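**Student:** could you look at this predicted model? Sequence included:
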Amino acid sequence: MLIPTAFIKLPDESGCYNGEVVMGGTVSQMAFALSQLSHCKFLGEAHYQVGHSTYSGSAFVQGTGARLHNYNQIRSAYKGYEYNFLYQSTALSSKLACLFSYAGKQDADDPSVTIEARSTASNSYTGSVLDYGCKFVNLETQGFSLAPDVFAFTGTLLDYEPTNTSADLIVRPLFIPSANRGELLNIKVTVQDVALSGFHIYDVYEVEVTP
């Protein structure tokens, strides 16, 4: 069936009540409307507030957020810390963009954040890797500066289906194989000398995607 590009009005409500015989033009209208819906991009998104402090002791006096200080007690707890964020993808979720807010430890050599996509078919945390994703390196740190947390974004550009077997150093959105679109996914995030305060996942809009 050809997918009409013009707006198709749904049938009259009174002709679709329970017990009514539905046929002819009514069936045609409903079929065209459903075919249009199957090719719409329903944008999905998920937002997580991470319950870890990224503030220094003096930040509360000033009433504003600050990046981690050397003496913060969480500095050692955030080495290799792992998060697992669940995301319900849609049938058209081919790429996922990620935005996160964070604070980097002041004296760290190389604060980093690694993001990958996993299946939840067997277990939410140890499912097969769908995309080894990307790694943010040399993230910003600023120690004693009384400033809000900083943000990092994967962007939305991806012109190829990745074949990497480890985290890509080219920051990019996550690619979801066609066989796994519409499934519940696990977005695994590993931090090194970084404290997350928020993590956000978005479907990347595509003009035309074949389910």
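**Tutor:** Cool, got the structure. Predicted model, so just to flag it, every value in this text is computed and none were measured.

**Student:** now stretch 93-104: buried residues?
**Tutor:** Buried positions in stretch 93-104, judged by neighbour count with 16 or more other CB atoms under 10 Å: 93-98, 100-104. To be clear about C-beta, it is placed using only N, CA and C from the backbone, and glycine gets the same treatment.

**Student:** next step: those residues restricted to strands.
**Tutor:** Counting by DSSP state E, the buried residues of stretch 93-104 place 95-98, 100-104 in strands.

**Student:** that older thread, and the buried residues of stretch 93-104, which is closest to G44?
**Tutor:** Using CB to CB, S93 is the member of the buried residues of stretch 93-104 that lies nearest G44, at 6.3 Å.

**Student:** list the contacts of stretch 119-129.
**Tutor:** Residues from elsewhere that reach stretch 119-129 (CB atoms under 8 Å, 6 or more residues apart in numbering): 84, 86, 116-118, 130, 180, 183-186, 188.

**Student:** in CSV: the residues you listed, plus distance to A195, neighbour count and secondary structure.
**Tutor:** Below are the contacts of stretch 119-129 laid out as CSV (distance: CB to CB, whole Å; neighbours: other CB atoms under 10 Å; DSSP: H, G, I helix; E, B strand; the rest coil):
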residue, distance to A195, neighbour count, secondary structure
N84, 17, 14, strand
L86, 21, 13, strand
E116, 20, 20, strand
A117, 23, 25, strand
R118, 23, 22, strand
L130, 27, 19, strand
N180, 30, 20, helix
E183, 30, 18, coil
L184, 27, 14, strand
L185, 24, 27, strand
N186, 21, 20, strand
K188, 17, 20, strand
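
**Student:** between the residues you listed, which is closest to T163?
**Tutor:** The nearest member of the contacts of stretch 119-129 to T163, counting by CB to CB, is L130 at 12.7 Å.

**Student:** who are the contact partners of that closest one?
**Tutor:** Applying CB under 8 Å, 6+ apart, the residues near L130 are 117-119, 174-177, 180, 185.

**Student:** for M30, see how far away it is.
**Tutor:** According to CB to CB, to the nearest Å, L130 stands 35 Å off from M30.

**Student:** and A31, how many neighbours?
**Tutor:** A31 has 12 neighbours, counted by other CB atoms under 10 Å.

**Student:** list the helices and strands the strand or helix carrying it packs on?
**Tutor:** For A31, the element it lies in under DSSP states H and E is helix 25-37. On a contact count with 3 or more CB pairs under 8 Å, 6 or more residues apart in numbering; DSSP states H and E, helix 25-37 meets no helix or strand.
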